[in-house]
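Undergrad: Need coordinates for the following:
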Amino acid sequence: MSNSYAGLDDAGVASAAARAGADVVRGMYGQRLARIDKGAGDFATAADVAAEKAILHVIRAARPDDAVLGEEGGQQGATKSARQWLVDPLCGTLNYAVGTTLVAVNVALRDGAAAVADPFSGEIFCTDGATAWVRHDGADAELAPTPASHLVDVNLDPPFPGAPGFRAVDLLAHPGFVERFRPRVVSSTLALAWVAARKRAAYVTDGGDLSGSVHFAAGIALCRAAGCVVTGIDGAPVGQAGRGLVVAADGETHQLLMSMVRGR
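TA: Numbers count the residues shown, from 1 in each chain. This is a model prediction of the structure:
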């Protein structure tokens, strides 16, 4: 049997893997799914597990020597590999479990290509690490972020490791924020891809180093390649020294949000 994935470049692998996961997520939507308790109110569903298996099938076929870190399956593959894929098969599990379609499938090669799939719109947001585009109905369009919507997604999910110094929810009480922006709470890193895709002006979340997170790596790579401003909530570059995320479509929006964060 021929391997249809072997000839793909890394961006093609990321896109194909995200699409495979999205097909599973969409196909299992609306079913009564078994839940796997992760503690602290977190859980996975059978769709999370099945989508990750579909993603891993693509990566293993295309890049058998690469390692994978999956949200559900953990570390897999060659432990000494210089290449590692970060997989979040269903970001927004609680949304999905209660019948809300605001979810994403995230696949990223660490420090490389990445893809974020929206299972229900059919959009796949892709980057090769240098450029970023969205694929929909077989056509590609370059991503060109803009703050024109004035919509800012704020991640309100606990825990809040920056508290009491900072919590993303604090922005909602800032008078300057409500004068300039309109808050949204999608509760999925799909909103991070939306900043790159002109659907959001910015995204803010508390947290630690998110650069190697299976949830955030694909969105960060996408936004960087699209030309967004990406830092931690302390203004530092995202990485071991940074914490959380402030991702904005342009420098002015980022500077304004940072002034609110620092002036809280």
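Undergrad: quick one: strands adjacent to the longest strand along the chain?
TA: Ranked by residue count under DSSP state E, the longest strand found in the chain is strand 84-91. When sheet partners are counted by DSSP bridges, strand 84-91 sits next to strand 67-70 (parallel), strand 104-109 (antiparallel).
Undergrad: distance between the first one and the chain's centre?
TA: Taking C-alpha atoms, centre = their mean, to the nearest Å, the mean C-alpha location of strand 67-70 is offset from the chain mean by 16 Å.
Undergrad: What of the longest one?
TA: Here strand 104-109 shows a centroid-to-chain-centroid distance of 7 Å under the convention C-alpha atoms, centre = their mean.
Undergrad: The chain should start at 436 in everything you say after this.
TA: From this message on, residue numbering opens at 436, which makes the last subject strand 539-544.
Undergrad: which other residues reach it?
TA: 445, 448-449, 452-453, 456-457, 460, 486, 490, 494, 501, 518-527, 549-554, 623-625, 628, 649-654, 656 (C-beta atoms under 8 Å, 6 or more residues apart in numbering). The way it works is simple: take the backbone N, C-alpha and C, and place the C-beta from them, glycine included.
Undergrad: same check, this time on the shortest one
TA: With contacts defined as C-beta under 8 Å, 6+ apart, strand 502-505 is touched by 487, 490-491, 494, 510-514, 516, 518-522, 524, 649.
Undergrad: Just the buried subset of those residues, please.
TA: When these are checked for burial by 16 or more other C-beta atoms under 10 Å, the buried set is 487, 490-491, 494, 511-512, 518-522, 524, 649.
Undergrad: By pLDDT, rank these and give me the bottom one.
TA: When those are compared by pLDDT, Gly512 scores lowest at 80.
Undergrad: Quick check: pLDDT value at the residue lying closest to that one once chain neighbours are set aside.
TA: Distances taken as C-beta to C-beta, 6 or more residues apart in numbering place Ala502 nearest to Gly512, at 4.2 Å, with adjacent residues excluded. We note a pLDDT of 96 for Ala502 in this prediction.
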